[in-house]
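[1] Sharing a model that was predicted from the sequence below.
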Amino acid sequence: EYLGAEQDDEGVTATIRARLTGETFTVRARYMIGADGGRSTVAKDIGLEMEAEMGLSGSVNIIFDADLTEYVDYRPSVLYWILQPGAEIGGVGAGVIRMVRPWNEWMAIWGYDMAEALPEPSEADAERIVRNLVGDETVPIRIKSISFWTVNNMYARDYSRGRIFCMGDAVHRHPPLNGLGSNTSIQDGYNLAWKLAMVLKGTAGAGLLDSYSIERQPVGKQIVERANGSALDYPPIFEALGLL
């Protein structure tokens, strides 16, 4: 667990706590990378300024085992949209069933109303949501995990402070529409890694690292706006189907 960092002209000293043992220790390095996701402690700690906002809508992920072969055999896919006007199990009447392993491990994604308190579904509630989305009251289901996430519309104005750099969801936070998350994070990593390698090997000056934020920040902003722009395509569909 990252607890904080201090940097000087020579490098960065980060304070880390081992969660298993509770031991606290420091790590010294010439540079540090914060790749700690959409709730990035590193980005907050170094004061990266963010644009836009978090928590525009909410969803629950339910990982479950169930053999759905007979339902997907005629049209196999990795993701199925389920729209249910008049749904009576809470949520917003729209959900997703996403394949994890064909065809017996899945993730159900169900939206909840952000205006209400965060739901606390029991395993029985989760099974009810899954059965409602699948449409079969008899298929054996085993719930494996339940977690929550929010749709965000946020990006950092720049990606670094001194010798500390941030990448991935730490600096661009958006819904999964268009499948831009992992791809953009990998591109961030590649852009930064080869530049760090050249600087550390002495084949380039430290000024090369300034180009990381210059090159990647506009891309991060663009994909956040693109993914959230896609979300605006759904309300007319939902309205036509009576989901609103």
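    Nice, I can see it.

[2] what are the ranges of the helices in the protein?
    Counting by DSSP state H, the segments of the chain that form helices are 41-45, 69-72, 123-134, 181-201, 210-231, 234-240.

[3] Can you lay out those helices as CSV showing mean neighbour count?
    From N, CA and C alone the C-beta is placed, and that goes for glycine too. Shown next, in CSV, are the helices of the chain (neighbours: other Cβ atoms under 10 Å):
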stretch, mean neighbour count
helix 41-45, 19
helix 69-72, 13
helix 123-134, 18
helix 181-201, 16
helix 210-231, 17
helix 234-240, 12
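
[4] Going by mean pLDDT, which of the ones you listed comes out lowest?
    With a mean of 82, helix 234-240 has the lowest mean pLDDT of those.

[5] so who does G37 touch?
    Applying Cβ atoms under 8 Å, 6 or more residues apart in numbering to G37 gives the contacts G168, D169, A170.

[6] Kindly recompute the last result at 7 Å.
    Counting by Cβ atoms under 7 Å, 6 or more residues apart in numbering, G37 makes contact with D169, A170.

[7] residue ranges of the strands in this structure, please?
    For the chain, the strands defined by DSSP state E cover 2-7, 12-17, 24-29, 32-34, 50-65, 79-83, 94-101, 105-112, 142-156, 160-161, 164-166, 172-173.

[8] Please convert the helices of the chain to JSON lines, extending it with distance to E10.
    As requested, those are arranged in JSON lines below (distance: least, Cβ to Cβ, whole Å):
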{"stretch": "helix 41-45", "distance to E10": "19"}
{"stretch": "helix 69-72", "distance to E10": "57"}
{"stretch": "helix 123-134", "distance to E10": "51"}
{"stretch": "helix 181-201", "distance to E10": "13"}
{"stretch": "helix 210-231", "distance to E10": "18"}
{"stretch": "helix 234-240", "distance to E10": "51"}
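
[9] Mind checking those for the one nearest to A14?
    helix 41-45 (9.0 Å; Cβ to Cβ).

[10] count of neighbours near E51?
    Neighbour count of E51, defined by other Cβ atoms under 10 Å: 11.

[11] R28 is in contact with T15, isn't it?
    No. The criterion here is Cβ atoms under 7 Å, and R28 misses it with T15 at 10.8 Å.

[12] Look at those two and report which has more neighbours.
    Each of R28 and T15 has its neighbours counted (other Cβ under 10 Å); T15 has more, 14 against 10.

[13] Who is the more buried one paired with across the strands?
    For T15, the beta-bridge partners are G4, T26 (DSSP bridges).

[14] Now do the same contact list for it.
    Residues in contact with T15, defined by Cβ under 7 Å, 6+ apart, are L3, G4, A5, T24, T26.

[15] try 10 Å this time
    By Cβ atoms under 10 Å, 6 or more residues apart in numbering, the contact set of T15 is E1, Y2, L3, G4, A5, E6, T24, F25, T26, V27.
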